[in-house]
Structure formats: structure tokens, C-alpha cells
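**Q** this is a predicted model, with the sequence first.
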Amino acid sequence: MTREGSPFKGAATIALKEAADHMTSARMHLIMLLVLLTAIGAVYGAIGRISQTTAEDPYLFLKLLTVAQEPLPSFAAFLGFLLPLVAIALGFDAINGEHSRRTMSRLLSQPIYRDAVLFGKFLGGLLVIVIALLTLWLLMVGLGILFLGLPPLAGDLVRGIAYLGVTLAYAGVWLALAITFSTVIRSPATSALAALSVWLVLTVFWGMIAPLIANAVTPIDPLDPTSVITQFETQQAVARLSPQMLYGEVTAMLLDPAARSVGPLFFDQVQGAIVGAPLPTMQSLLIVWPQISGLVAAMILLFTIAYVVFQRQEVRA
């Protein structure tokens, strides 16, 4: 049979309904309260550290995202660690939850296709994350204006908006991963555990695994000085299989205008450069464009896997 009409008809309705369910659930209230309190603490600690900074710094507001005060991490490090947990909490029972409640057949009996169901659930989770990120961003800007007494400059806003876009893509990777496990695994508890296991490995242990893999693939040859560089490049390539590594490199480049590379720089590469001079925002984006593309590609790949599996599943009443 040939399908009639757009396969995404009804996706907006499902997305809004999914977002409303998330926003009114006690689970999300607790998670967002934790995120909000931690973010306020991180920004307040950063304000305390940079309150003595002169107003001549053209990117003063960016320091609110990167400066940390013990024992709290910086705002950017906090998002990189906790945002995956928020995304996993939004998506781990997106599909198998419908099966558990025996509502999937009732949902698909409506004049909508499976495409719209999966796409709507993904968009609903992203919508909640967008609302949360905008809230945190406005809160950070408001606290900065209140305590520093200075408005953000155009350079701060441009880099901050670019950072928000990359953060959304980073969260989308983990949301797509959670939805993929929710599609493949019928038990919500098992899919949540699987997604958390992947997050734990890629976030905590991958930095220890990457050097071991690089040493096994490209061992150092004492007679070849360039083998050290080759092994480091291999280690960097393996480490970039982790979304957190990609996100960390993009964050370091966008929020530090003086940064010129995400890896080591040789002397001939910086010869003639003005030390400490900030790079234009477009130049910083071009340097980390491969990392940004990698995050978007990972999100699309994971969603495609979930899409193919969901299309082939049998749904019984």
C-alpha cells in the first residue's frame, strides 16, 4: 500500500503532548530542581571569583561559564556532566513506556504514522531541553548583570548563542541514545540502565581507555621520534569517539577567545601570532566545526537506528 499524506503529520501534536507530560511530571521537577540549584551555585561562585576583574576584558561574561570555585565545577563543566542525565531521563521510556502501558496500539490507531510518533517524541524531549537551557542562560545573564553591574557585549552574546546551539546538539546525542535503547529494549528499567552504562563509560572511563587503545594500535618506536606524535594523534582520535570529549573541545574553543587549537600547537604554527589576542568568533567556529559536525552526525545516526528498529517492530493490541 502507498502511504498518503506526510509521514510526519501529527508530529507537532505528539511533541507538544510529550513536552507537556515531561514538564508536569514529578521526575522532571526533581531533576530540573537539582540542575537549577547546581547552576545557580556554579554561576554565583564564578561571580565571586571574577568580581575583581576589570571591565576592560571584552569577554567578561564568558568567564561566568568557565571560572570555577571549589568545590563546585564551572557552569560549562556542570552542563557537560549533568545534561546527559537529563536527556536520558527524558528518553529512556519514550517507546517501551508505551508498550508497558499498552497504549502503543491505541496511539497508532489514530490517523498518524509511526514516523510521526518517534519524531514527535524526540522533538518533545528536545523542546524541554531547549526551555531548560534558555532558562539557565537567562538566569546566568541576569545574575551577571546584577552582580557585575555590566551588560554583556555583542561578542559575549554571539559566542554564548553558538555555545547554546552546540549544547543542544550534545544533549540531542544522549536523547537519541536513550530513545534508541527505549526502542530496542522492551523494559524501561533495562533501557535506562543501558543508557546510563554507556554514559558512564564514555564520560568517566573513556579517558583511561583511549591511551591504552592508542598504545596498542600505534606503539612508540624509540628509533622514530615522530611515533610519539602519531600515538598522540591516535589517542586523540579514539578519545573523540566520546561525545563529552567533542563537547569539551568545542566549549574550550568557543568560551575562550584566546584559544587557537583543540590540540597541541607547534612553534611554527604560532609564529607571528599576537599572544593573548582573541580570535574572531567565526574562526573559532571553523576550528571546531569537525567536532560540531560529529555531534550532529552522532545524533542523526542514533535516531536513524531507532527509526529503523521502530518501523520493523510488531505492535499488538
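**A** Arrived safely, thanks for sending.
**Q** L148 and L60 touch, don't they?
**A** Yes. Counting by Cβ atoms under 8 Å, L148 does reach L60; the two are 6.9 Å apart. For the C-beta atoms, the positions are set from N, CA and C on the backbone; glycine is no exception.
**Q** okay, and the common contacts of the two?
**A** Residues touching both L148 and L60 (Cβ atoms under 8 Å, 6 or more residues apart in numbering): I50.
**Q** start and end of stretch 110-119, how far apart?
**A** Stretch 110-119 stretches 16 Å from its first residue to its last (Cα to Cα, to the nearest Å).
**Q** list the buried ones in that stretch?
**A** I112, Y113, R114, D115, A116, V117, L118, F119 (16 or more other Cβ atoms under 10 Å).
**Q** helix or strand for the fourth one, which one?
**A** Spelled out, it's D115. Element membership for D115 (DSSP states H and E) is helix 114-148.
**Q** so how far is that helix from its chain's centroid?
**A** 12 Å (Cα atoms, centre = their mean, to the nearest Å).
**Q** what's the answer for stretch 31-38, then?
**A** Using Cα atoms, centre = their mean, the offset of stretch 31-38 from its chain centre is 17 Å.
**Q** residues contacting it, please?
**A** Stretch 31-38 has contacts (Cβ under 8 Å, 6+ apart) with L72, F78, L82, L85, V86, A89, A132, T135, L136, L139.
**Q** which residues touch the nearest residue to the second one once chain neighbours are set aside?
**A** This means F78. In this structure, F78 finds its nearest non-sequential neighbour in A42, 5.0 Å apart by Cβ to Cβ, 6 or more residues apart in numbering. A42 is in contact with A68, L72, P73, S74, F75, F78, counting by Cβ under 8 Å, 6+ apart.
**Q** circling back to that earlier point, list the buried residues for the helix holding D115?
**A** Those would be 114-129, 132-133, 136-137, 140-141, 143-144, 147-148, for helix 114-148 by 16+ other Cβ under 10 Å.
**Q** show the subsequent helix or strand relative to that helix.
**A** Helix 114-148 is succeeded, C-terminally, by helix 154-184 (DSSP H and E).
**Q** what helices and strands are in contact with that following helix?
**A** Packing contacts for helix 154-184, counted by 3 or more Cβ pairs under 8 Å, 6 or more residues apart in numbering; DSSP states H and E, involve helix 75-91, helix 96-100, helix 114-148, helix 188-200, helix 243-254, helix 281-287, helix 289-312.
**Q** quick check: V86 vs P211, distance?
**A** Applying Cβ to Cβ, to the nearest Å, the value for V86 to P211 is 30 Å.
**Q** wait, P219
**A** Distance from P219 to P211, by Cβ to Cβ: 12 Å.
**Q** those two: which is more packed in?
**A** P211 (15 against 10; other Cβ atoms under 10 Å).
**Q** show the pLDDT at the more buried one.
**A** Listed pLDDT for P211 reads 87.
**Q** so it, which of the three states?
**A** Using DSSP: H, G, I helix; E, B strand; the rest coil, the structure places P211 in helix.
**Q** over to F61?
**A** coil.
**Q** return the residues in contact with it.
**A** Residues in contact with F61 (Cβ under 8 Å, 6+ apart) are V141, G144, L148, L150, P152, L153, D156, G160.
**Q** closest to V262 out of those residues?
**A** G160 (19.3 Å; Cβ to Cβ).
**Q** make sure the closest one is actually in contact with W137.
**A** Yes. The criterion here is Cβ under 8 Å, and G160 meets it with W137 at 6.9 Å.
**Q** how near is T218 to T226?
**A** Distance from T218 to T226, by Cβ to Cβ: 11 Å.
**Q** more neighbours: which of those two?
**A** Using other Cβ under 10 Å, the more surrounded residue of T218 and T226 is T218, with 17 against 8.
**Q** if I follow the layout properly, P211 ends up in contact with Q236?
**A** No. Applying Cβ under 8 Å as the test, P211 and Q236 come out as separate, 10.4 Å apart.
**Q** where does pLDDT dip in the stretch 201-317 of the chain?
**A** 263-277, 316-317 (pLDDT under 70).
**Q** can you pull the phi and psi angles for the residue of the chain positioned farthest from its centre?
**A** Residue farthest from the centre of the chain, counting by Cα atoms, centre = their mean, is L223 at 41.7 Å. For L223, the backbone dihedrals (degrees, to the nearest 10) come out as phi -90, psi -10.
**Q** same check, this time on the one 3 residues further on
**A** T226 adopts backbone torsions of phi -70, psi -10, taken as degrees, to the nearest 10.
**Q** many thanks, have a good one.
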